[in-house]
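[1] coords below, sequence missing:
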Ligand SMILES: Nc1ncnc2c1ncn2[C@@H]1O[C@H](COP(=O)(O)OP(=O)(O)OP(=O)(O)O)[C@@H](O)[C@H]1O
């Protein structure tokens, strides 16, 4: 199959390996620079500044994951910094516990509170989630400020510093080493996380839950997981903060700081791990310089830096909406993933039904929307090795039927059976788990991920690795099997040359084929295609028809909802026609074409 975007392997290979080498140097160079800064005779003031930046990197990194990657805006990040700081300050000052022990107590408390808050608020969408985090941030601020045991608004004084093997880490170079080892370790862990099975599922959350659930991702669990992980990073930051400042009070953990962390993430580049470092660094340094410069310029003191920040954020949102690091990343040579999965073991496949066996049995299903009966006693069957078309004029109820089968909508009546098992009443994820895979009327993918990564997401339910395995790089064998499978499915639909292209750069026809490859990656027995030819050119439709014929020949059961009558009549074995939610007729393409009732339904005349 031809493709609009093509790569020449011979010219791409040297450029790719040069890009790999350059990128491989990035992290060691950053580590060397940080080490050099500690060894240089820098004034203590600058070491302290760098310590603050490292402390801020952690909560901002949490926001990169939560807001930039998952699309969940939170103003409550500073409150979790507060939990880590206050827990350690209180337990070390009042009970004399070791800060190394109180770190874990703080993390435990943070995990419990974040899991509780997350489980309640992350079900909300739209403005409700940011508002809920706002309420939570305010509540915790006033709680910290009003509890006698926590010293009310004066806070807790005399917090001990950190010691390691009897050495006081102080507030300068030794503390700097600890802060930046933790900050860099967290950044590397998040980079690894995002490049994994769990990471692809997390990246799919930003586009809504429908596609991710259809791929078998437990979206609420993943959202809560990310929320808790981001809170834990904030809690570590709070622990460092308390033992660095040697005092805690509510003001660094209030709403203003919550907004400032968000600002750091947006300015740095909310979708980039290294954007957290850039954002924390620029905001901290700029804030300090402006606090000194602006009163001198204006002649009076005040929080003028906040006004400058306000203007700055408007300018950044207008001219660099993806942040400063994004502008840097775009200029770096892109290095395609190394293809190291040639000898990867194949993923296990489920036994498939014999050709001609009934795979899907739709029995008198109904769906009522208020007073409207959108689907009324629809019944039909889909068999293995056949393409069944579901057609009808606009508003006939095809998409509703599709959504009832795939578990997106709940039935008002009737039953859906898949391979002799009742699947009506199950959710989209459970239905996908049984071997039903689908595409979407409006393509749903992660535009920033490569074609290969998008397709590998389809095999989510065929793999097991979790976030911890990803961060420790214990998932590489499984990753290779996933990419081998994704490549195999992309070759199956004729897109083997586009593995490393950004999915968002593909033409519409290629995007639709990507969705089919992703659905095939789930190893389905039934493929549901929702208007796969919509928006395609003639040649792309022919290519699509070729792919569907091949899949049919391989024994796949396919249900096709489609408006393009040429394509439907050309490739379907059996066609079901709907009108006003009811079953109008069904038969072979020739029978449907001959039907007066069908012609009248499409022409809108009486029959
Ligand atoms: N969530 C909903 N709430 C209320 N009414 C709905 C909802 N979804 C669909 N409907 C109505 O149900 C009827 C069937 O819609 P549906 O989208 O299933 O038709 P369709 O055959 O897929 O149409 P098209 O070909 O235009 O996509 C329409 O009258 C539509 O307005």
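    Ah, there it is. Being a predicted model, the structure only gives us computed values, none of them experimental.
[2] show me which residues of this structure sit near the ligand.
    369, 372, 374, 392, 394-400 (CB under 6 Å from any ligand atom). Just so you know, the C-beta spots here come from the backbone N, C-alpha and C atoms, and that holds for glycine as well.
[3] what count of nearby residues applies to residue 574?
    When neighbours are counted by other CB atoms under 10 Å, residue 574 registers 18.
[4] got it, and residue 270?
    27.
[5] can you report phi and psi for it?
    Here is the backbone geometry of residue 270 (degrees, to the nearest 10): phi -60, psi -20.
[6] that one and the ligand, how far apart?
    32 Å (CB to the nearest ligand atom, to the nearest Å).
[7] what's the pLDDT at that residue?
    Note for residue 270: predicted pLDDT of 89.
[8] OK, contacts around it?
    By CB atoms under 8 Å, 6 or more residues apart in numbering, the residues touching residue 270 are 63-64, 67-68, 322-323.
[9] can you pick out the most distant pair from these?
    Farthest-apart pair in the contacts of residue 270 is 63 and 322; separation 14.6 Å (CB to CB).
[10] the two: which is more packed in?
    Remark: of residue 63 and residue 322, residue 63 carries more neighbours, 30 against 19, as counted by other CB under 10 Å.
[11] the residue lying closest to the more buried one once chain neighbours are set aside in helix, strand or coil?
    The shortest distance from residue 63 to any non-neighbouring residue, by CB to CB, 6 or more residues apart in numbering, is to residue 265 (4.1 Å). Classification of residue 265 using DSSP: H, G, I helix; E, B strand; the rest coil returns helix.
[12] was I right to think residue 265 contacts residue 275?
    Yes: using CB atoms under 8 Å, residue 265 is in contact with residue 275, at 6.9 Å.
[13] who touches both of those two?
    Common neighbours of residue 265 and residue 275, counting by CB under 8 Å, 6+ apart, are 64, 68, 323.
[14] which ones among these lie within strands?
    If you go by DSSP state E, those have nothing in strands.
[15] which one of the residues you listed sits closest to residue 87?
    residue 64 (24.3 Å).
[16] just give me the neighbour total for residue 464.
    Residue 464 has 9 nearby residues by other CB under 10 Å.
[17] I'd like the distance between the nearest residue to it once chain neighbours are set aside and residue 42.
    Excluding its sequence neighbours, the residue lying closest to residue 464 (CB to CB, 6+ apart) is residue 478, at 7.0 Å. Plainly put, residue 478 is 45 Å away from residue 42 if you go by CB to CB, to the nearest Å.
[18] these two: who's more crowded?
    With neighbours defined as other CB under 10 Å, residue 478 and residue 42 compare such that residue 478 has more, 21 against 16.
[19] would you map out the domains in this protein?
    Using automatic domain parsing, the domains assigned to the chain come out as 25-254, 358-603.
[20] as JSON lines, the contacts of residue 270 with distance to residue 357 and pLDDT would be great.
    Converted to JSON lines, the contacts of residue 270 look like this (distance: CB to CB, whole Å; pLDDT from 0 to 100):
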{"residue": "63", "distance to residue 357": "51", "pLDDT": "97"}
{"residue": "64", "distance to residue 357": "49", "pLDDT": "97"}
{"residue": "67", "distance to residue 357": "48", "pLDDT": "94"}
{"residue": "68", "distance to residue 357": "47", "pLDDT": "93"}
{"residue": "322", "distance to residue 357": "50", "pLDDT": "89"}
{"residue": "323", "distance to residue 357": "53", "pLDDT": "92"}
